[in-house]
Every structure is written in structure tokens, then in C-alpha cells.
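Undergrad: Sequence plus predicted model, see below.
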Amino acid sequence: MKTHTKKSPHINSIEWSYTPFKDLKDIFKNNISPAPQKESMKIKTDQEIFSEAMADVKEIKEFRKIPSKIPPKIKPLPVTKDDSIEILRQIVQGEGKIRLSDTGEYIEWVSPHIRKDIARKLHEGSFSVQDHIDLHGMTLLEAEEVFSDFFREAVKKRLFCIKVIHGRGLRSPQRPVLKEALKRWLHGTFRKSVLAYSTAKDCDGGLGATYIILKTK
């Protein structure tokens, strides 16, 4: 028995495909104008930027020429000759002497109530020594007792300038004992009676002796 398939009268026997957007491309092509392209930015040069920035600037004619000050001439300092070697040679060969005031052993003191140059004049021997005492070979206690008696007697006699010989203490394993002790005594018990003191001249004991000026009133 054969089976027959009944075809629908609405279906075309020719094969076809459904494409509803076939003409869409042509529609957009004919009706839509292309988007405008962005204008490329022009890069300005440094000169153009400077010219635009200075467009409103006005020139000040008075400043066209600014007078400049002429720098003062600096005179070179004179070159001083260093005579240290020559001075040392003279001292070693006995042709010159060491200034005692330039040494570390030199001592001086001046009361604030009198002129400051008194110490220099005292060291130079400008005042006559009226009496002196020698503390060589004494112990510290002996020297203090002897000096105290000598000093009080000098004040009692109203002496103006005295000298104390104490030595330099070069043989002492420590610092000069008597010299340091003398400074303590002069700044301690007897300070009210002292106007000034200074290392003696080289010919008068030098670093091993001290001149002292006393108050006479």
C-alpha cells in the first residue's frame, strides 16, 4: 500500500531563505553621513608660547640700560715674613733672649681698680724693689710662715714694691709648688693689700721670682 504525502498549497516548491536585514547596510550608507573627524591639535613651539605670554607686556624704557656699580679694588695684604726660625736660631746661639711674657710660666694679675698696663710696667722693672725674700729650700709650711711675716711687715712699713724669689720648680715632680702657693696666698689672705703682681725681669730672677705692688694706704 503506497502512502502519498499531501503538499500544502501555501508552500512554494522552490527552496528559499528569509533575510529581513539584507538591505539594512544600504539604508545606513545612503541616509547617515560619516561622523566628522576630530581636528588634530597643533603643537606650539617655545617661541610661540613665549610670544603669547608676553603679548600684553609693556617695555619700561628707563630699564633698557641698568648702570652697574664698579666693584671696589681690593688691595692685596702685604706678605709678612715669618722670622720664627731666625728668632729661634738667635736664642739657641745666645744672640737673642726669650720674651718671658710669651712663655707658659709667665704670671701676672692686676686689680680692677687700677690701670691694666701696670702689670707690663711692673714686669719691665719700672718700679724699684724696696725689699725681697728668698723661699728657696723651704717646705711649703715653712715658706708660708716666712712669707706671711715678711708680707705683713712690708705692709706695716708701707712699702710699694717687693719681690719674692720662689724658683721655677723644675726639679719638682709636680707643678712648681712654691710658685703656685704664692698665687694662692696673694689671692687669699693678702688680696686686700695687693694691687698687682708680675713675673720679674730676666736679670732679676725671671720666671723664678715675682714682683708685687702693695697698697700704701
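TA: Ah, there it is. Nothing here was measured: the structure is a model prediction, and the numbers come from that model. Residues are numbered from 1 along each chain as shown.

Undergrad: Tell me, how many residues neighbour the nearest residue to Gln130 once chain neighbours are set aside?
TA: Leaving aside its chain neighbours, Gln130 sits nearest to Leu159 (4.6 Å; criterion: Cβ to Cβ, 6 or more residues apart in numbering). In this view, the C-beta of every residue, glycine as well, is placed from N, C-alpha and C. Applying other Cβ atoms under 10 Å, we find 17 residues neighbouring Leu159.

Undergrad: Was I right to think Leu159 contacts Ser128?
TA: No. With contact defined as Cβ atoms under 8 Å, Leu159 does not count as touching Ser128 (10.4 Å).

Undergrad: pLDDT weak spots in the chain?
TA: 1-41, 63, 79-98, 102, 172-174 (pLDDT under 70).

Undergrad: Which parts of it are helices?
TA: Here the chain has its helices, by DSSP state H, at 24-31, 46-53, 84-92, 118-123, 140-156, 177-187.

Undergrad: Please point out which parts of the shortest one sit buried.
TA: So that's helix 118-123. 118-119, 122-123 (16 or more other Cβ atoms under 10 Å).

Undergrad: Make CSV out of the residues you listed and add distance to Trp185.
TA: Conversion of those to CSV gives the following (distance: Cβ to Cβ, whole Å):
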residue, distance to Trp185
Ile118, 20
Ala119, 18
Leu122, 18
His123, 20
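
Undergrad: and of the residues you listed, the nearest to Trp109?
TA: Set against Trp109, the nearest of these by Cβ to Cβ is Ala119 (7.1 Å).

Undergrad: residues touching the closest residue in space to Lys121 that isn't next to it in sequence, list them.
TA: In this structure, Lys121 finds its nearest non-sequential neighbour in Phe127, 7.2 Å apart by Cβ to Cβ, 6+ apart. Taking Cβ atoms under 8 Å, 6 or more residues apart in numbering, we find Phe127 in contact with 121, 160-161, 211, 213.

Undergrad: Relative to Ala154, how far out is Ala196?
TA: Using Cβ to Cβ, to the nearest Å, Ala196 is found at 15 Å from Ala154.

Undergrad: In this structure Leu182 contacts Val164, no?
TA: Yes. Leu182 lies in contact with Val164 (Cβ under 8 Å); the separation is 6.0 Å.

Undergrad: And those two? Which one has more around it.
TA: Val164 (25 against 21).

Undergrad: My guess is the more buried one contacts Ile133. True?
TA: Yes. The pair Val164 / Ile133 is scored as a contact, 5.7 Å apart, by Cβ under 8 Å.

Undergrad: Overlap in contacts, Leu182 and Val164.
TA: 147, 210.

Undergrad: quick one: the strands in the chain?
TA: For the chain, applying DSSP state E gives strands covering 108-110, 131-134, 161-165, 194-199, 209-214.

Undergrad: Could you find the closest non-adjacent residue to Phe190?
TA: That would be Phe151: by Cβ to Cβ, 6+ apart, it lies 5.6 Å from Phe190.

Undergrad: swap in Glu52?
TA: Counting by Cβ to Cβ, 6+ apart, Glu52 lies nearest to Lys44, which is 8.0 Å off, once chain neighbours are set aside.

Undergrad: Relative to Asp56, how far out is that neighbour?
TA: Distance from Lys44 to Asp56, counting by Cβ to Cβ: 18 Å.
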